[in-house]
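**Student:** I'll drop the sequence and a predicted model, then ask my questions.
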Amino acid sequence: MLAGGSAALSAAAVTVIRRGVYCGVRVLLVSVWGHPPGWRKARFVAEGVGGRAFRGRAHAGVGCLPAQVLATYLAKSGLEVATLVVGFDSAVDPGGGDLRRRAVEQYLMWAEEVELQAEVVAAAGVGVHHGWRFEGTPEAVFSDVFKAVWERSEGVFQIYLDLTHAPPHLAAPVYYAAAAAAAGRGAEDKLVVVSAEAAEVEGEPCLQEAPRPPVEGTPVLRLLDSSELQSVVQRVREAASLRWLSAPGRARCSRLGRLVWLLSNGLGPLVYPGAVFEGWEPSFGPPEGPPKLEESRPVVEGRAVRYQHMRPDAAVDAALYQVWRELGHLFPGGAPLVDFLTAAAGELERRGAPRAAEALRDAAREAAQLEKTFTAVNGPDSAIWPEVWHAAERLGPPADPREYVGELAEALPQARRELEEERRRVAERGPDPRLVRDFLTRGGLAPLFIRRIDLRGGRIVKVVYDGRTVERLLKHLEQKAPPC
């Protein structure tokens, strides 16, 4: 019997599957293989595997591996099944050259013998095989499996991970890799992990194998520690939660995490695509680009196979870039500030952050009032200078724009002195509670933090911040948050 677990599917998905019209929707079936010649035939039964959408569905068949039964079971629901076999370099003797290619070819031959149509990848080998020491690590296996699953899991309905024939000492890194890939794609609730029951009986062999020469002596076997991968998976989950405009844990310390943290705290004007920071390079923004995922590279030396592999936390980078792809529509280039803040407020409200949404709406209303005031005073294509803005705040709304220009001119010297003195005080002593409250209340959109605002067609399209002052405020706020 196959055992499996998955979070509940949506009611819509259940309805569609039960109607039998879920045609063309893909699922990824990942079957992990160790040494197929050691398999024995069995009757595998899949019943209710995959969550409540599949209750009452069952399929059984005699074969060598559950993947065949699972594939048929899923196809009966109208799903399009893509099968990926994950094997290991240790399937072949390293002495024949091009180890990785020969390992893939060997697994393809075995797949053909058991009549399974599948794509095959090979991961780093671990342990003593064929008289050789394969010095792969859990991290190398994780990196290989993550890359393979990540590249094939975008847009899939579910991911099935069959660990029935996985080498027991590698089941942990394989699972962690699949869980990280699913979480990074926003589909961890669609990951179904299955394995078949064990039986202490000798069934019919599935494949014939040439006898191997015995290896004399007592092997030296390493204890494998996969605990670092638990941390990687946790960090991937934290990075994935950014898609909900929440920045928990260490995810807040990434460039994208800081951007989301600012947005979720009502500081939307700072992350406006038209924002520029004079004298400071901001530590927030989108990821620099998609990470380059690479498979491990086996290096045969003496009677050992060593591996060069990417760092496992490249999975975190992949998750961050995936989240940015999903959130990027919130940051369109060229959009007026008011439109950006209004759209971001709606998104925050939909994702359960009404307070932050209201803060952005307040900032949008203030920006709209600025547009109205200074379009009347300076014209629709002009600049708003902070000392003029500060003076305007002191004077209040103009009763007569013609007289207002003269009143602003008289108030400018004092407004300029006040801003310069305040900036100097912040530089020398740091921000005081009153200034911090003003910064948070207005989302950073206040004369003290601004060098210039550009209007085009009566709309704010560019905000030039005083980078040094903003940097000091943000450092003060970050000290209140958990350390990175």
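**Tutor:** The structure has been received and is ready for your questions.
**Student:** Can you tell me the number of residues neighbouring residue 302?
**Tutor:** Per other Cβ atoms under 10 Å, the neighbour tally for residue 302 reads 8. (Glycine included, C-beta is placed from N, CA and C.)
**Student:** What are the phi and psi values at it?
**Tutor:** For residue 302, the backbone dihedrals are phi 60, psi -130 (criterion: degrees, to the nearest 10).
**Student:** now the one 5 residues further on
**Tutor:** Geometry field for residue 307 lists phi and psi as phi -130, psi 140, criterion degrees, to the nearest 10.
**Student:** where along the chain do the helices fall?
**Tutor:** Per DSSP state H, the chain carries helices over the ranges 11-19, 66-75, 99-113, 138-150, 171-184, 227-240, 255-264, 314-327, 337-350, 354-378, 386-395, 401-429, 433-441, 467-480.
**Student:** Which one of those has the poorest average confidence?
**Tutor:** Looking at those, the lowest mean pLDDT belongs to helix 11-19 (a mean of 37).
**Student:** which residues touch stretch 242-259?
**Tutor:** The contact list for stretch 242-259 (Cβ atoms under 8 Å, 6 or more residues apart in numbering) reads 186, 234-235, 238-239, 241, 260-261, 263-264, 271, 283-288, 316, 320, 323-324, 326-327, 347-348, 351-353, 356, 481-482, 484.
**Student:** Could I get the CA-only coordinates of it as PDB?
**Tutor:** The C-alpha trace of stretch 242-259 is given here as PDB (Å, rounded to 0.1, in the frame of the first residue of the first chain):
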ATOM      1  CA  LEU A 242       7.600  37.300   1.200                       C
ATOM      2  CA  ARG A 243       5.100  36.600  -1.500                       C
ATOM      3  CA  TRP A 244       2.500  37.400   1.200                       C
ATOM      4  CA  LEU A 245       4.200  40.700   1.800                       C
ATOM      5  CA  SER A 246       5.400  39.500   5.200                       C
ATOM      6  CA  ALA A 247       9.100  39.400   6.100                       C
ATOM      7  CA  PRO A 248       9.800  36.900   8.800                       C
ATOM      8  CA  GLY A 249      13.100  35.700  10.100                       C
ATOM      9  CA  ARG A 250      16.200  36.000   8.100                       C
ATOM     10  CA  ALA A 251      14.200  36.700   4.900                       C
ATOM     11  CA  ARG A 252      14.000  40.300   6.100                       C
ATOM     12  CA  CYS A 253      17.800  40.600   5.700                       C
ATOM     13  CA  SER A 254      17.800  40.100   2.000                       C
ATOM     14  CA  ARG A 255      17.400  43.000  -0.500                       C
ATOM     15  CA  LEU A 256      13.900  41.800  -1.400                       C
ATOM     16  CA  GLY A 257      13.100  41.100   2.200                       C
ATOM     17  CA  ARG A 258      14.000  44.700   3.200                       C
ATOM     18  CA  LEU A 259      11.800  46.000   0.400                       C
END
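**Student:** Near residue 237, how many residues? Count them for me, please.
**Tutor:** So residue 237, with other Cβ under 10 Å, has 19 neighbours.
**Student:** Next up, the contacts around the residue nearest to it when sequence neighbours are not counted.
**Tutor:** Nearest residue to residue 237, sequence neighbours excluded (Cβ to Cβ, 6 or more residues apart in numbering): residue 183, at 5.0 Å. Contacts for residue 183 (Cβ under 8 Å, 6+ apart) come out as 233, 236-237, 240, 319.
**Student:** is it possible to export the residues you listed to TSV including distance to residue 146?
**Tutor:** Converted to TSV, the contacts of residue 183 look like this (distance: Cβ to Cβ, whole Å):
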residue	distance to residue 146
233	10
236	9
237	14
240	14
319	10
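**Student:** Who wins on neighbours among those?
**Tutor:** Comparing the contacts of residue 183 by number of neighbours (other Cβ under 10 Å), residue 319 comes first, having 31 neighbours.
**Student:** And that residue, how close does it get to residue 196?
**Tutor:** According to Cβ to Cβ, to the nearest Å, residue 319 stands 31 Å off from residue 196.
**Student:** Check residue 39 too.
**Tutor:** 11 Å.
**Student:** Does residue 148 touch residue 118 like I think?
**Tutor:** No. Contact criterion Cβ atoms under 8 Å: residue 148 and residue 118 do not qualify, at 12.0 Å.
**Student:** what's the closest of the helices of the chain to residue 303?
**Tutor:** Evaluated over the helices of the chain, closeness to residue 303 peaks at helix 99-113, with 13.3 Å, by Cβ to Cβ.
**Student:** That closest one: how far from the chain's middle?
**Tutor:** Here helix 99-113 is found 32 Å from its chain centre; the criterion is Cα atoms, centre = their mean, to the nearest Å.
**Student:** With stretch 82-99 instead?
**Tutor:** 29 Å.
**Student:** Endpoints of it, how far apart?
**Tutor:** In stretch 82-99, first residue to last residue: 26 Å (Cα to Cα, to the nearest Å).
**Student:** Residue 323 contacts residue 237, correct?
**Tutor:** No. In this structure residue 323 lies outside contact range of residue 237 using Cβ under 8 Å: 11.7 Å.
**Student:** and the closest residue to residue 205 other than its chain neighbours, how many neighbours?
**Tutor:** Distances taken as Cβ to Cβ, 6+ apart place residue 40 nearest to residue 205, at 6.2 Å, with adjacent residues excluded. Neighbourhood size, residue 40 [other Cβ under 10 Å]: 12.
**Student:** quick one: contacts for residue 40?
**Tutor:** By Cβ under 8 Å, 6+ apart, the contact set of residue 40 is 64, 201-206.
**Student:** measure stretch 199-209 end to end?
**Tutor:** Stretch 199-209 has an end-to-end distance of 22 Å (criterion: Cα to Cα).
**Student:** so how far is that stretch from its chain's centroid?
**Tutor:** From the chain centre to the centre of stretch 199-209 is a distance of 42 Å (Cα atoms, centre = their mean).
**Student:** what about it, average pLDDT?
**Tutor:** On average, the pLDDT along stretch 199-209 is 78.
**Student:** Now do that stretch: everything it contacts.
**Tutor:** Contacts of stretch 199-209 (Cβ under 8 Å, 6+ apart): 36-37, 39-42, 64, 110, 113-114.
**Student:** at 6 Å instead, please
**Tutor:** 36-37, 39-42, 64, 113 (Cβ atoms under 6 Å, 6 or more residues apart in numbering).
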